[in-house]
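Colleague: no sequence on this one, just coordinates:
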């Protein structure tokens, strides 16, 4: 059933035969099975809400960056691509943690609360010595600017 009702109830049009013979599509976007977003091998996925205290603590030894990414947003995909390219060209001075917002929205809210910042998507945050030294969203995200904040 689509949001417009049952397609079989609409007047018959020849091109619809293709759609009507397809198996039922699940609730993933365009019927594509969920796949894990590819990220650079040096980035680490975060999925556990209890990690924020550890992130803050570890940032006292080494700066940590968090990239909050919405996998269905073109602006977020553009920011991710820019970050990946800039990160590849750098000397990897930052540990980058990757957060899939669609899968872990509550973790994103927890990070925003614990770091006392406003949630945005996409968002790139750098934590050093237990505090946020850089936070940017959308087209303002820049790995080079993040490094210069250190």
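Modeller: Everything's here; your move. Model, not experiment: these values are computed from the prediction. Numbering: from 1, shown residues only.
Colleague: For residue 81, pull up the helix or strand it's in.
Modeller: Element membership for residue 81, per DSSP states H and E: helix 74-89.
Colleague: Run through who's touching that helix.
Modeller: Applying Cβ atoms under 8 Å, 6 or more residues apart in numbering, the set of residues contacting helix 74-89 from outside is 39-40, 42-43, 67, 69-71, 94, 96, 101, 121-122, 124, 138-139, 141-144. From N, CA and C alone the C-beta is placed, and that goes for glycine too.
Colleague: Kindly report the same for stretch 113-126.
Modeller: Applying Cβ under 8 Å, 6+ apart, the set of residues contacting stretch 113-126 is 52-53, 56, 63-70, 73, 75-76, 79-80, 83, 94, 101, 108-109, 111-112, 127, 132-138, 141, 143, 146, 149-150.
Colleague: Next up, the contacts around the spatially most central residue of the chain.
Modeller: Note on the chain: the residue nearest the mean C-alpha position is residue 69, at 1.4 Å, using Cα atoms, centre = their mean. By Cβ under 8 Å, 6+ apart, residue 69 lies in contact with 37, 76, 79-80, 98-101, 121-122.
Colleague: rerun at 6 Å
Modeller: Residues near residue 69 by Cβ atoms under 6 Å, 6 or more residues apart in numbering: 76, 80, 122.
Colleague: from the residues you listed, which has minimum pLDDT?
Modeller: Least confident by pLDDT among the contacts of residue 69: that is residue 76, with 87.
Colleague: can you tell me how far that residue sits from residue 124?
Modeller: Distance, residue 76 to residue 124, by Cβ to Cβ, to the nearest Å: 11 Å.
Colleague: Please identify which of these two sits among more neighbours.
Modeller: Remark: of residue 76 and residue 124, residue 124 carries more neighbours, 27 against 21, as counted by other Cβ atoms under 10 Å.
Colleague: so what's the backbone phi/psi at the closest residue to the more buried one other than its chain neighbours?
Modeller: In this structure, residue 124 finds its nearest non-sequential neighbour in residue 141, 4.5 Å apart by Cβ to Cβ, 6 or more residues apart in numbering. When read as degrees, to the nearest 10, the backbone of residue 141 gives phi -70, psi 130.
Colleague: Make residue 1 into 43 and carry on from there
Modeller: Understood, numbering begins at 43; the last thing we discussed is residue 183.
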